[in-house]
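Student: Here's my sequence, what's the structure:
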Amino acid sequence: MQIALFIFYLAAFSFLITSIPFFKNTGLAKPVLLALFFIKILAGIAYGKFYTLPKYYSNSDSWRFYKLSVEETKWFLTSPLAFLKDLFSYGYGTTGNIFSGENTYWNDLKSNVPVKLMAIFNVLTSNSYYTNIIFFNFFFFIGLVAIFKILYSIYPLKKWIIIFGVFLLPSTLFWCSGIHKDGLILSAIGIGLYCFFRLLRRKYQLKHLLLILLSFTLVFSLRNYILFALIPAVLCWMLAERYPDRKRLIFVTFYSIGIICFFIIPLIIPSINPPFFLAAKQHEFLLLPGDSQVKTDMLQPTFSGFIAFLPHALDMAFLRPHPNEFKNFSYVPALVENVLLIVLIVISIVGLNKKTAIPPLVICFFSFSISVLLITGYTIPFVGATVRYRSLVLPFLITPLLCITDFSFFKKSL
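Tutor: Next up is the predicted model:
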């Protein structure tokens with residue numbers, strides 16, 4: 001029965017991908033679209049199988065979400081209104097601090113959303129974990145196609161490079177294809193940015209505004225700090241599109257003011273203390289068990305504390321895992337991508353054509369991805385978690401680097 005359902009839904013979603021105009025108008029042939037979709041599903045199955053290994057199963061959020069969803073499905077079928085209302089309910093005196101990692105409505109929400117979503121899918125999949133992978137990856141695929149369409153419209157001669165950077169980066173493919181929050185977040189970011197891109201191209205439709213609101217709300221509910229990193233980048237992108245001659249000045253000025261406000265606001269409004277929130281998040285992570293934890297000092301919520309911690313944050317964000325920190329096969333893609341990223345940065349500095357204008361969108365992608373990586377480096381002391389969190393933003397960092405780099409200087413130097 002489950003195999004028959006899997007085949008049926010695979011065929012159904014394949015038909016949708018080859019029929020819906022959003023997918024058909026990508027510039028990709030149908031076989032390529034289907035191949036990329038099938039690769040994601042295979043990666044999702046590999047993700048699920050990996051977390052059935054005895055060493056990882058007990059701590060697997062994916063399978064925990066699935067078990068909870070089976071019970072939630074029964075609730076959905078018997079009392080759908082109560083099922084939906086529960087998403088907006090909490091058992092605490094208040095909703096709590098949105099930055100807290102425990103005992104708050106906001107912390108529970110990031111797990112409740114995928115559980116509720118899977119509970120609804122269970123009705124159609126007869127509670128099949130692996131058939132649910134098809135449903136989740138269809139929604140994941142929408143966001144990736146959206147990111148591809150944005151970059152392909154700017155770099156039409158870099159189709160295959162963009163395909164690799166958006167769809168096939170190993171760690172992104174693995175972590176963002178499994179039943180978890182990561183694929184949902186990446187897809188929501190892609191949909192929101194695509195709709196914003198359409199608005200900037202004067203192709204206004206009400207649905208674009210609604211989708212931006214919906215996608216950004218989903219990002220906030222699943223990992224709120226990513227939205228806080230995304231909004232400044234998007235605002236700068238909007239201003240830079242209007243004043244293209246001042247795009248670099250806009251980004252530098254905006255982020256400089258943002259960094260100053262980050263440390264000054266607590267002195268003016270003590271109840272709003274971003275340095276303390278980040279430091280508290282790191283302290284919460286340090287209390288958690290885990291075999292990939294990196295021994296580090298506690299982050300101090302002061303300007304000097306953040307400056308002193310910066311080398312470690314950069315190391316965690318860009319260089320982990322180190323070759324001597326190999327824990328399991330899931331680290332291999334991250335090791336390869338670290339090397340790729342460093343090589344790309346060096347080549348970009350050497351081979352970047354100074355006469356080639358860098359679009360505001362690319363600067364937006366760089367600003368957003370680097371912001372998320374730095375936040376991750378400052379707050380996450382676990383190599384495994386860092387690898388997973390970083391996978392979300394690598395397409396926004398590596399793909400534009402591949403697009404703007406002029407590799408022809410290699411031929412000239414030979």
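Student: Buried ones in the helix or strand hosting Pro266, by neighbour count?
Tutor: For Pro266, the host element (DSSP states H and E) is helix 247-268. Residues 247, 250-251, 254-255, 266 are the ones in helix 247-268 that count as buried (16 or more other CB atoms under 10 Å). (Each C-beta comes from the backbone N, C-alpha and C, glycine too.)
Student: got those residues as TSV, with distance to Asn97 columns?
Tutor: Converted to TSV, the buried residues of helix 247-268 look like this (distance: CB to CB, whole Å):
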residue	distance to Asn97
Lys247	36
Ile250	32
Phe251	30
Phe254	27
Tyr255	25
Pro266	15
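Student: Name the spans of the chain whose pLDDT lies under the cut-off.
Tutor: 93-96, 100-102, 325-330, 349-356, 407-414 (pLDDT under 70).
Student: Specify the residue ranges that define each domain of it.
Tutor: Listed by automatic domain parsing, the domain ranges of the chain are 1-222, 224-414.
Student: related to what we said a few turns ago, so what does the helix or strand following the helix holding Pro266 touch, helix or strand wise?
Tutor: Downstream of helix 247-268, the first helix or strand assigned by DSSP H and E is helix 274-286. Under the contact definition 3 or more CB pairs under 8 Å, 6 or more residues apart in numbering; DSSP states H and E, helix 274-286 sits against helix 247-268, helix 303-314, helix 360-379.
Student: Name the next helix or strand following the second one along the chain.
Tutor: Where DSSP H and E defines the elements, the next helix or strand beyond helix 303-314 is helix 331-351.
Student: Which elements pack onto that following helix?
Tutor: helix 170-175, helix 383-391, helix 394-404, helix 408-413.
Student: And these: which comes nearest Phe22?
Tutor: Closest to Phe22 of the helices and strands packed on helix 331-351 is helix 394-404 (CB to CB; 18.6 Å).
Student: Could you dump the helices and strands packed on helix 274-286 into JSON lines and include distance to Val115?
Tutor: What follows is those, written out as JSON lines (distance: least, CB to CB, whole Å):
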{"stretch": "helix 247-268", "distance to Val115": "34"}
{"stretch": "helix 303-314", "distance to Val115": "32"}
{"stretch": "helix 360-379", "distance to Val115": "24"}
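Student: right, and those - which one's nearest Phe136?
Tutor: Closest among those, using CB to CB: helix 360-379, at 21.9 Å.
Student: Determine how far stretch 271-288 lies from the middle of the whole chain.
Tutor: Put simply, stretch 271-288 sits 21 Å off its chain's centre (CA atoms, centre = their mean, to the nearest Å).
Student: Next SSE downstream of whichever helix in the chain runs longest?
Tutor: In the chain, with assignment by DSSP state H, the single longest helix is helix 129-154. Sequence order places helix 159-167 as the next helix or strand after helix 129-154, per DSSP H and E.
Student: which residues touch that next one?
Tutor: 27-28, 32, 36, 39-40, 144, 147-148, 151-152, 155, 173, 395, 398-399, 402-403 (CB atoms under 8 Å, 6 or more residues apart in numbering).
Student: just the buried members of those?
Tutor: Going by neighbour count (16+ other CB under 10 Å), the contacts of helix 159-167 have 28, 36, 40, 144, 147-148, 151-152, 155, 173, 395, 398-399, 402-403 buried.
Student: Closest to Ile370 out of the residues you listed?
Tutor: Ile370 lies nearest to Ile398 out of those, by CB to CB, at 12.2 Å.
Student: is it true that that closest one touches Val343?
Tutor: No - checked against CB atoms under 8 Å, the pair Ile398 and Val343 is beyond contact range at 10.7 Å.
Student: In stretch 312-327, which residues are buried?
Tutor: 312-313, 316-318, 320-321.
Student: same thing with stretch 29-46?
Tutor: For stretch 29-46, burial by neighbour count (16+ other CB under 10 Å) applies to 33-34, 36-37, 40-41, 43-45.
Student: gap between that stretch and the chain center?
Tutor: 19 Å.
Student: So which of the buried residues of stretch 29-46 is the closest to Ser89?
Tutor: Using CB to CB, the buried residues of stretch 29-46 come closest to Ser89 at Gly44, 30.4 Å.
Student: Which neighbouring elements make contact with the strand or helix carrying the closest one?
Tutor: Under the criterion DSSP H and E, the helix or strand holding Gly44 is helix 30-50. Counting contacts by 3+ CB pairs under 8 Å, 6+ apart, helix 30-50 packs against helix 2-19, helix 61-78, helix 129-154, helix 159-167, helix 170-175.
Student: how does it look with 7 Å?
Tutor: helix 2-19, helix 129-154, helix 170-175 (3 or more CB pairs under 7 Å, 6 or more residues apart in numbering; DSSP states H and E).
Student: Distance to Thr217 for these - can I get that in TSV?
Tutor: Formatted as TSV, those follow (distance: least, CB to CB, whole Å):
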stretch	distance to Thr217
helix 2-19	24
helix 129-154	15
helix 170-175	22
